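Peer 1: Pasting the sequence and the predicted model now:
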Amino acid sequence: MIPVPDRTARPTRISFDHVSVEFATANGPLKVVDDVSYDVRDGEFVSIIGPSGCGKTTMMNIVAGFVQPSGGTVLLDGKPIAGPGPDRGVIFQEYGVFPWLTVKENIAFGLKLRANHVAATEREEICARYMRLMGLADFADAWPRTLSGGMRQRLAIARAYAVRPAFLLMDEPFGALDAQTRSAMQDLLLEVLQTEGKTVMLITHSVEEAVYLTSRIIVMTARPTRIREIIDVPFGYPRDERLHESPEFGALRSHIRELVMREYAVQARQFIPSST
Amino acid sequence: MRRVALILAPWLGIVAVWYAVHYTAIVNPALVPTPHAVAAQLLTLAGQRLPLDIWMSTQRVFLGVFFGIVLAVPVGFVLGWYRNLRGFIDPLINFFRALPPIALIPLVIVYFGIDELSKVVILFYASFFAGVIVMYEGIAQISPIYLRVARTLGASDAEIFVKVIVPLTVPHTLTALRVALGVAWATLVASELIAAQQGLGSLIQNAASFFQLDIIYVGIICIGFIALAMDIALRKLTRRLIAWQERIA
């Protein structure tokens, strides 16, 4: 197994410093994120795991630039986040593939924007490259409605990659896929990251996925979400399917699953007040 | 061949029922002209006033729908987009939409006279309110995910409008246009109640004064078929413009 490089040798890219988020609701303010601090180093693949609805997505939305923290600071390369931008590619759970554009036009969309304008010949090359990489080369002129769920997800990833973001933010990207497709997509993602390293934040509720893909796992509590535990995954890259069978993998998975299940139990009590 | 037969079958069925009603005398045969008598009348009129009637009516419908949709698209868009506005504007639109154009004719005559303008105003009114509802319901359903994706890719507000919102608006505009065309043809006769010398509506009204039932049937059939032809043409256009859509309107 390839040894894990020392993470502290790398510069900090994203830092959360005592971050909290409150949303105004009809029943008054709702605290979603409570005093969260951690940092993501250059080239790290960090996953954020916790019960569904706990506030994981909110943390990603802060980095994406869609949500402002109510307290604390989030810095991106040492600077506050002003809004969404092409330096941070976002992969949404519902893909968000543009249905009125063909596969190729979807990938070219970002490249044609003023913010990252790319000459036509280079645009062709980039589109061709990511279509090949994502197995979409035969579908360049297809409408998204004719694609399977896995292919749409690959298209969303290709589109995000095309503008060369330094960061990749993924919100339960494989949640809607069947088990086989999901597993194939995970391997494809590892492969692509191997060739084009990025700093990645993955929001997931799958323990298996977090352990298999990422180098660091941040386990979150039920809402308002806090950090329960930060776990460094002791496996280097490249990884392959056999990792799933190793005893170390199993032990880590059990440990995290236990932590997460405990939080699900807390959340279940929150949601059904009559049982308390 | 099979397709043609399937398309023709219901029409032949209607003609058959029509003959049956005439010859079985369920209704007094004097009140039901036969299909061939109507067809003969259609041919006669085709050599006389019918082409001008069709031209005038089509022109009025076109103008009414054109101005109605030109206004309905931006208004519907704004109402669909700024949801807060809807609470105030929605009752207003439903109030005016509910008014039958026939009831407005006296006022339209007072304010717009009895020329072409007043007829187009009635059709404009009907088209606008039909179109604006379709438009804002459609716009309100646009998923915010596409805007978010575009933003994360680096799109500016102007780019989002041109490259995301406009393409998403096209299908709703075409649906609004179809609905408005249908409503405008349905309102045509009412609009031509206003001192019209030509037009299919005036043809029907003149015939009614002289109890010329066959001419009334000719007028009705013309309106129906022209509206049908326009709808088919618009559907073809829709299919071409929004080939990407799952459901074709």
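Peer 2: Sure thing, it's come through.
Peer 1: contacts and neighbour counts: CA atoms only from here.
Peer 2: OK.
Peer 1: Give the buried residues for stretch B:218-231.
Peer 2: For stretch B:218-231, the neighbour count (16 or more other Cα atoms under 10 Å in any protein chain shown) marks B:218-220, B:222-223, B:227, B:231 as buried.
Peer 1: residues contacting the closest residue to residue B:203 other than its chain neighbours?
Peer 2: Excluding the flanking residues, the one nearest residue B:203 by Cα to Cα, 6 or more residues apart in numbering or on different chains is residue B:219, at 6.6 Å. Residues near residue B:219 by Cα atoms under 8 Å, 6 or more residues apart in numbering or on different chains: B:200-201, B:203-204.
Peer 1: element containing residue B:219, please.
Peer 2: Secondary-structure assignment from DSSP states H and E places residue B:219 in helix B:213-241.
Peer 1: Now that helix: average pLDDT?
Peer 2: Average pLDDT, helix B:213-241: 91.
Peer 1: Return the angle between stretch directions for the helix or strand where residue B:188 lies and helix B:213-241.
Peer 2: Assigned by DSSP H and E, residue B:188 belongs to helix B:166-191. Here the directions of helix B:166-191 and helix B:213-241 differ by 170 degrees (axes from the mean of the first three to the mean of the last three Cα atoms, to 10 degrees).
Peer 1: by contact count, what packs against helix B:166-191?
Peer 2: Applying 3 or more Cα pairs under 8 Å, 6 or more residues apart in numbering or on different chains; DSSP states H and E, we find helix B:166-191 packed against helix B:50-81, helix B:101-112, helix B:116-140, helix B:200-209, helix B:213-241.
Peer 1: Buried deepest among these, which one?
Peer 2: Comparing those by mean neighbour count (mean count of other Cα atoms under 10 Å in any protein chain shown), helix B:116-140 comes out on top with a mean of 25.
Peer 1: Would it count as contacting chain A?
Peer 2: No - using Cα under 8 Å from any Cα of the partner chain, helix B:116-140 never reaches chain A; the gap is at least 15.3 Å.
Peer 1: Off-centre distance for that helix?
Peer 2: Offset of helix B:116-140 from its chain centre (Cα atoms, centre = their mean, to the nearest Å): 10 Å.
Peer 1: name the helices or strands packed onto it?
Peer 2: helix B:50-81, helix B:83-98, helix B:101-112, helix B:166-191.
Peer 1: could the ones you listed be laid out in a markdown table, adding mean pLDDT?
Peer 2: Output for the helices and strands packed on helix B:116-140, formatted as a markdown table (pLDDT from 0 to 100):
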| stretch | mean pLDDT |
| --- | --- |
| helix B:50-81 | 93 |
| helix B:83-98 | 86 |
| helix B:101-112 | 89 |
| helix B:166-191 | 91 |
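Peer 1: Reformat these as a markdown table; add distance to residue B:128.
Peer 2: Below are the helices and strands packed on helix B:116-140 laid out as a markdown table (distance: least, Cα to Cα, whole Å):
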| stretch | distance to residue B:128 |
| --- | --- |
| helix B:50-81 | 4 |
| helix B:83-98 | 9 |
| helix B:101-112 | 12 |
| helix B:166-191 | 7 |
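Peer 1: Out of the helices and strands packed on helix B:166-191, the one nearest residue A:207 is which?
Peer 2: Residue A:207 lies closest to helix B:116-140 among the helices and strands packed on helix B:166-191, at 37.4 Å (Cα to Cα).
Peer 1: thinking residue A:70 is in contact with residue A:17, fair?
Peer 2: No - if you go by Cα atoms under 8 Å, residue A:70 and residue A:17 don't touch, sitting 12.0 Å apart.
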